[in-house]
Every structure is written in structure tokens, then in C-alpha cells.
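Asker: give me a model of this one.
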Amino acid sequence: MIENVVEERLNMSEHAKDYAVKRIRTFIFCTAGMAGLLFGLDQGVISGALPFITKEWQLSSQLQEWVVSSMMLGAAAGALFAAFLSANLGRKRSLLVGAFLFIVGSLGSGLAINVSMLVGFRLLLGIAVGIASYTAPLYLAEMAPKESRGKVISGYQLMVTVGILAAFLSDTAFSYSGSWRWMLVIIAIPAFVLICSVFRLPDSPRWLASKGRLNEANRVLQSLHTSKKIAEAEFVDIQEALKEKQAGWALFKANKNVRRAVFLGVMLQAMQQFTGLNIIMYYSPKILSLAGFSSTEDQMIGTVINGLVFVLATFIAVDMVDKSGRKPALKIGFFVMAISMFILGLCLHVLESGNTIWFIPYLSASMAMLCIAGFAMSAGPVVWILCSEIQPLKSRDFGIACSTMTNWISCTIIGASFLTLVDTLGSSVTFWLYGVLNVIFIFLTIYFIPETKNVSLEQIEKNLMRGEKLKNIGC
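Answerer: Here you go, the predicted model:
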């Protein structure tokens, strides 16, 4: 595909060249975005399916936590597996493997005959999600121009939220018949579409160059730029970054600056998960039940509204992240989430004390939506953007594997502990705890997180390797 595009452009007018570049970039971004769609579908689907699975199999709180968190545990393993796949087979083939596992995991989950089988296939789905969450943002960061890199990766996160909303809508449609198996099986359809699309993707020029396939890397870069001069300059920067002799784990051990980048990525992903947002998404019906919405229909409608808020608020990030920057979005988002968690905890405290003031359930639901909005406009997309930007080329696979694995280990802890925390501490104290964590994250953002808008990956790497403070590597 790429060879044909480059050859066709030799005799094109400037307008035609511009159109060809836009066409191939759009195809790349949309196809990689479909991995985000599947990521979101598998994140969101269990929220609506869990009440019906629990009722049919009489699951305890601990078994419910395992059904939810098994996917996250698999995703942590999937992130490590994706690092091996991505480094050795390339970003494109990694996406193909992930799409295949999405199909097998979805069909197996829907056909499960007991909870053990369901957890097993949820683990397999988790591996697929781990591959998608690792590979797609990395691939997009390496394919996008520096001026719109944040918008492109935010667009991927937007597709994640669209997937979550689509899962909520699908769950609601099937909830009237209680068909939780169809909720899980239907995800195989977009996974099949993804497989068909990925075959036409080009490989990342940075991965090709790292494997010594310089001519192929140069051809891909030529297809991604209307200006031959810009493509050649980027090619020179990539070659310069590859002069580092060590790579991966060896480079991590030998170079303290690489260790700083890896630890920053790990911190970012832990911060994203310990905002507490995923407990609202995974346990949305449960939280609405705590807030006083007792009917299944009310809980499902509320869950869909939460998904819609998630999608709409992500548009804010898509619009602002390359204009206002990454750090302002994070600070505002953590502040909004802290306030909403404190007020939600207060509302639940009032309800637990037996007070039946009519507006408290609606205020609780509103605070859950506000928390979702705060996350969607900030930590949701921005953490994935930063983690794809801050790692040096020769240790990028290793660094992103560490941060992505941290994301899913943290997510597993959150998913596996929420109901236990509610049973032990009470719902109000649980949400206050997450509110305090969000306040801490504001200060971590101020003192450690860099601003990377409009800075090339290679320039970020140069600043890092010079020993600049982490918060200054985007300068």
C-alpha cells in the first residue's frame, strides 16, 4: 500500500499530494481508533451484564469483583506480551493478534457455562485489551505529526469512550430480556472488522528504522508528509535517536534518565487509575443503587447517561490538549474529580444515615457524571498521550510496557477492592478516600509532569537525556 502511494505521488500536484496524505493519515487514525473502540466495549459491557450474571449464578461480592477484575489482570499480562510483540513483530502485527484475541474472548465469555469459564475468557479478553491499550497509542504517537499528536491520541481515547457508551446502549437493549450472553458475544463483530482493516496499515517508520529497514521507514515517512524536506528531517532525527547502542532493559539499567522516564510513566498510569473513575464505570448500576435508584431500568438509563457524558467531555480534551496543553487539563480534571468525589461521598453519607431528602439521589448521580466529565477531559486521554511521548526510542517498548502494565495492575486493584471497601468502610468513606487521592495528584502534576505540546518525540528525548528536570523535558 505505502509503495503505491509514494510512487503515485511523484507526478501529483501539490493539492493532490495533500489529499493523498490526508487520506492515508485518516485511514491510519480510524483503524487504530477501532482498537480503542474494542477497548471501550470490553470495559463497559460488564457494567450492564454483571447484575444479570450475579442473579443467574448467585455470585458473592468477591466473585463479582473477580468477574470484573479478571479482565484487568489479563490486561496487565497483555501489556507485557504486547511489548514483546510490538518490539519483534511491529505495531501492525500486534494489533492483528489483539483483534483475534478479542474475537475468541468475546465468544468464549458469552458461551461460558460457569463463573470459572467466564473468568478464564475474561482473562483472555484482558490480554487483548492490554495489547490494544499498549499498541494503539504508541502507534499513533509514532505516526502523528507533532502539532496534532495530542489530538490524535485524544481521538483514540474518544473511541474508547464511544465503545463504553455503545456497550452501555447494547446492555440496555438486551437488559429487557436479561440476555447477558448477547451483551458479551456481540463484541466479536467490530473485532472482525478491525482484523480486515489492519492488514492495510503501514508499519511505524520508527519501528522499521529500529530494525534496520531504513528504506521502508523512509517510504512510510514520505507517504505521511506533503513536504519531502520535512519527511527527510524527521528521518534524520530518527536515525540520530537510534545511535544509542543499548536498548530496552539494558538501557534502563545503564541510564538513570531512562529510569526517570519509566518511573514517570508508571506514576502517571497509577495516578490515572487511582482517581477512582473506573469504579464509577464498572460499578455504575451498584453506585446508582447506593444512591437510591432501585429499579434495573433506572440503573441502566443512568449508566447510559454516564457513558454519554464520558463521550461528550472527551471532545473537550480533543479540542484543548494541543492548544492549552497537557498540564492545565490534568490540574483542572483532578480538581473536578476531587470535588465531585467529596460531594458524592457526602450524599451517600446522608443516605446511609437514613435521610430521605428527595434531591440527594439526583445530586449523587450528578456528582458521578461530573467526576466522569473531569476524567474524560483530562487524565483519561492525557495520561496515554504523555506515556507515548516521554519514552526514548530505544527503550520505548520497554517503558510503555511498564506504564501500561501499571495501569492494568492498578485497575485490577481498584476493581477487586471496591465492593470490599464499601462493605468495610462504607460507601461515603470510600469516595472520600478517592477524593483525597485526587488532591494529591494535583500537586504531583505541578511538580513532576512535563508540558509536551508541539514538541517532537526526538526533542523530548534529547531534553530527557541531557538530564533536564522531568517537568522541563517538554521545553
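
Asker: hang on, residue 407 packs against residue 269?
Answerer: Yes - counting by CB atoms under 8 Å, residue 407 does reach residue 269; the two are 3.9 Å apart. Quick note: C-beta positions are derived from backbone N, CA and C, even for glycine.

Asker: and the strand or helix carrying residue 371, what does it pack against?
Answerer: Residue 371 is part of helix 360-376, with elements assigned from DSSP states H and E. Using 3 or more CB pairs under 8 Å, 6 or more residues apart in numbering; DSSP states H and E, the elements in contact with helix 360-376 are helix 277-282, helix 284-290, helix 296-320, helix 326-352.

Asker: okay, those, which one's buried deepest?
Answerer: Stretch with highest mean neighbour count among those: helix 277-282 (a mean of 25; mean count of other CB atoms under 10 Å).

Asker: pLDDT on that helix, on average?
Answerer: When pLDDT is averaged along helix 277-282, the result is 74.

Asker: quickly note the distance from the residue nearest to the spatial centre of the chain to residue 265.
Answerer: Geometric centre of the chain, nearest residue: residue 133, 5.4 Å, by CA atoms, centre = their mean. As defined by CB to CB, to the nearest Å, residue 133 lies at a distance of 13 Å from residue 265.

Asker: again with residue 108
Answerer: Noted for residue 108: a distance of 32 Å to residue 265, by CB to CB.

Asker: neighbour-wise, which of these two wins?
Answerer: Taking other CB atoms under 10 Å, residue 108 and residue 265 do not tie; residue 265 has more neighbours (25 against 19).

Asker: residues in contact with that one?
Answerer: By CB atoms under 8 Å, 6 or more residues apart in numbering, the contact set of residue 265 is 386, 387, 390, 391, 399, 400, 402, 403, 406.

Asker: export those to CSV and tack on secondary structure, pLDDT and neighbour count?
Answerer: Converted to CSV, those look like this (DSSP: H, G, I helix; E, B strand; the rest coil; pLDDT from 0 to 100; neighbours: other CB atoms under 10 Å):
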residue, secondary structure, pLDDT, neighbour count
386, helix, 91, 28
387, helix, 89, 28
390, coil, 87, 28
391, coil, 85, 28
399, helix, 86, 28
400, helix, 84, 28
402, helix, 87, 23
403, helix, 88, 28
406, helix, 88, 23
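
Asker: tell me where the model's unsure across the protein.
Answerer: 1-17, 244-249, 281-288, 290-299, 354-356, 358 (pLDDT under 70).

Asker: now the strands for it?
Answerer: With strands called from DSSP state E, the chain shows none.

Asker: all helices for the stretch 1-150 of the chain, in order.
Answerer: 2-9, 14-57, 61-89, 91-110, 115-143, 149-175 (DSSP state H, counting those that start in this stretch).

Asker: surely residue 385 touches residue 153?
Answerer: Yes - between residue 385 and residue 153 there is a contact at 4.5 Å, judged by CB under 8 Å.

Asker: list residues touching both of those two?
Answerer: Joint contacts of residue 385 and residue 153 (CB under 8 Å, 6+ apart) are 137, 141.

Asker: residues near residue 475, how many?
Answerer: 13.

Asker: can you check residue 259 too?
Answerer: Residue 259, neighbours per other CB under 10 Å, totals 15.

Asker: residue contacts, it?
Answerer: residue 252.

Asker: tell me the spacing between it and residue 450.
Answerer: Look at residue 259 and residue 450: by CB to CB, they are 16 Å apart.
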